[in-house]
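S.K.: Give me the fold of what follows.
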Amino acid sequence: MAAQKATRREWTGLAVIALPCAVYAMDLTVLNLALPAISAELQPSAAQLLWIIDIYGFLVAGFLITMGTLGDRLGRRRLLLIGAAAFAVASLLAAFARSAEALIATRALLGIAGATVAPSTMSLIRNMFHDEHERQFAIGLWIASYSAGAAVGPLVGGVLLEFFSWGAVFLVAVPVMVLVLLLGPSLLPEYRDPRAGRIDAPSVALSLAAVLMSVYALKRLAGHGFSWPALGLGACGLALGLAFVRRQGRLANPLLDLRLFGSAAFTAAITAYGLTSLAMMGVYLFMAQYLQLVRDLSPLEAGFATLPWALAFIAGSLAAPRLARRLSRVALMAGSLGVAALGFLMLVGTAGPWGLAVMIAGAVVMSLGMAPVIAVGNEMMITAAPPERAGAASALAETAAEFSAALGVAVFGSIGTVIYAWQLAPRLPAGLPQATAETALATIGGAAASARALGGSAGAALLEAARAAFTASMQVAAAVAALIIAVACVLTVRILSGRRQPLAQP
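M.R.: Sure thing, here's the model as predicted:
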């Protein structure tokens, strides 16, 4: 029997769903341009400034699993509307915060509200689109909305900051969330698990603590290098994560249904999604610095330089459903991962006068390859799960992506720091003061500041050497990323070629 086709109501509802996704992604990037103005007005300490930046992502990652399961029990539309209302209120409070502490608190509220977006919207798509091809296209649009939000975030922020105070970057979310509240009740269907049990409070506490400790430890290692406190915190996070998994196996109504991993499609998709996020975020860490500190582009010019690969990601997400009709899942995932690996390899050629053009071309190829992996992979995950567990499956996928992204920043940041210092040390101009040399060896940003302070031929020589060393570190990172994507390709093909059957059919 043919699956029911979506009507105009479902497609209009998809547009409503896409709006909070774009705002969620925009909130991850739009703040960066406002940091100088925030620092000047609120005068936060260095630690407070880091919390202003990081607390949003920390709490999104920490609450995803809880929110996904809560949506399955409470109602997916209801949770999305509650999250939208909370996001609008928190955005208003953040816009008019008058102290660093108040801004940190409101950013934390935004993170908790933002954690409702991905699992609620993805699981609603599972209920709205029953035809496999329509669902794949809907998920492609869903992924594209995140890409669009991340791409326009810096540009929107730049325009707003040109004419308004820093609080305006938070106010963008308010009319969007109000629109969701007005249209959501009439356009989005409600769904909840009719057999859902009570949410296990210890599981919520364990999952939150495990994710927050692990992600925080990874960020500390990436930003400050090796330290025993960060390593100990990461070990505690891992231990709590193992305790969480063991508890889920004993519960009749677990927060995380481990049976999801009995599906080859789910396991292959989450493996590819996690490894792709690890490689992607690890290399993105270098690309932003390369544009501004190596190629000497202004923030606005760097923002425009990122547009081609953001548009390529959107195009790849929208093309994924058509590819899925013509290719098997194995062929599509393997081919897309192969294209992504080629894009990463192209980034190895970023030295020399054509380096900027090569980087943009490589990023475009990389995005075209990664987009179908994420779009089709998400469809595979929510389709493999029973309908009543779609929210939990989506939340698990996003948690894996968040954790992998943090791990990518930590691992690639450490690799980059070692390679950069190793390449720069023999190229340092003779006669540099020890403090200046140590600053230059730590980061390319420190080298650029030291070069400006030195001036003259010594400053120019230091800056040139630092740029060459950083480019070399990015090339190594790109090669490592290509290897990770190749491993993801092999694992995905092997898992999908196995005999395990999915838990649910579309």
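
S.K.: Please count neighbours and contacts with C-alpha atoms only from this point.
M.R.: Fine.

S.K.: and the helix or strand of the chain with the lowest mean pLDDT, what does it pack onto?
M.R.: Here the helix or strand of the chain ranked lowest by mean pLDDT, DSSP states H and E is helix 31-42, holding a mean of 75. Counting contacts by 3 or more C-alpha pairs under 8 Å, 6 or more residues apart in numbering; DSSP states H and E, helix 31-42 is packed against helix 46-74, helix 132-163.

S.K.: can you put those helices in CSV and add distance to Ala6?
M.R.: Output for the helices and strands packed on helix 31-42, formatted as CSV (distance: least, C-alpha to C-alpha, whole Å):
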stretch, distance to Ala6
helix 46-74, 22
helix 132-163, 8
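
S.K.: Mind checking those helices for the one nearest to Arg220?
M.R.: helix 46-74 (10.5 Å; C-alpha to C-alpha).

S.K.: I'd like to know which elements the closest one is packed against.
M.R.: Here helix 46-74 touches helix 31-42, helix 76-95, helix 100-114, helix 117-128, helix 201-224, helix 390-424, going by 3+ C-alpha pairs under 8 Å, 6+ apart.

S.K.: what are the phi and psi angles of the most far-flung residue of the chain relative to its centre?
M.R.: The C-alpha centroid of the chain is most remote from Gly431, which lies 43.1 Å away (C-alpha atoms, centre = their mean). Main-chain torsions, Gly431, degrees, to the nearest 10: phi 90, psi 10.

S.K.: Can you list the low-confidence ranges for the stretch 301-450 of the chain?
M.R.: 388 (pLDDT under 70).

S.K.: Equivalent analysis for the stretch 101-250 of the chain, please.
M.R.: 154, 158, 194, 196-197, 219, 222-226.

S.K.: Could you tell me how many residues sit around Arg494?
M.R.: Per other C-alpha atoms under 10 Å, the neighbour tally for Arg494 reads 13.

S.K.: hmm, back to that, outside of the least confident helix or strand of the chain itself, list whatever touches it.
M.R.: The contact list for helix 31-42 (C-alpha atoms under 8 Å, 6 or more residues apart in numbering) reads 49, 53, 98-100, 154, 157-158, 161, 165-166, 169.

S.K.: Take the residues you listed and lay them out in a markdown table including neighbour count and distance to Ala442.
M.R.: Converted to a markdown table, the contacts of helix 31-42 look like this (neighbours: other C-alpha atoms under 10 Å; distance: C-alpha to C-alpha, whole Å):
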| residue | neighbour count | distance to Ala442 |
| --- | --- | --- |
| Leu49 | 19 | 20 |
| Ile53 | 17 | 22 |
| Arg98 | 13 | 34 |
| Ser99 | 14 | 31 |
| Ala100 | 20 | 28 |
| Pro154 | 26 | 27 |
| Gly157 | 24 | 30 |
| Gly158 | 19 | 29 |
| Leu161 | 17 | 31 |
| Ser165 | 13 | 33 |
| Trp166 | 22 | 31 |
| Val169 | 26 | 32 |
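
S.K.: For these, give me JSON lines that also has distance to Leu347.
M.R.: Shown next, in JSON lines, are the contacts of helix 31-42 (distance: C-alpha to C-alpha, whole Å):
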{"residue": "Leu49", "distance to Leu347": "32"}
{"residue": "Ile53", "distance to Leu347": "28"}
{"residue": "Arg98", "distance to Leu347": "43"}
{"residue": "Ser99", "distance to Leu347": "42"}
{"residue": "Ala100", "distance to Leu347": "39"}
{"residue": "Pro154", "distance to Leu347": "23"}
{"residue": "Gly157", "distance to Leu347": "28"}
{"residue": "Gly158", "distance to Leu347": "28"}
{"residue": "Leu161", "distance to Leu347": "32"}
{"residue": "Ser165", "distance to Leu347": "37"}
{"residue": "Trp166", "distance to Leu347": "35"}
{"residue": "Val169", "distance to Leu347": "32"}
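
S.K.: Would you tell me which one of those comes nearest to Arg107?
M.R.: Ile53 (8.5 Å).

S.K.: if we can go back for a sec, distance check, the residue farthest from the centre of the chain against Ala437.
M.R.: According to C-alpha to C-alpha, to the nearest Å, Gly431 and Ala437 sit 10 Å apart.

S.K.: now Lys5, what's its secondary structure?
M.R.: coil (DSSP: H, G, I helix; E, B strand; the rest coil).
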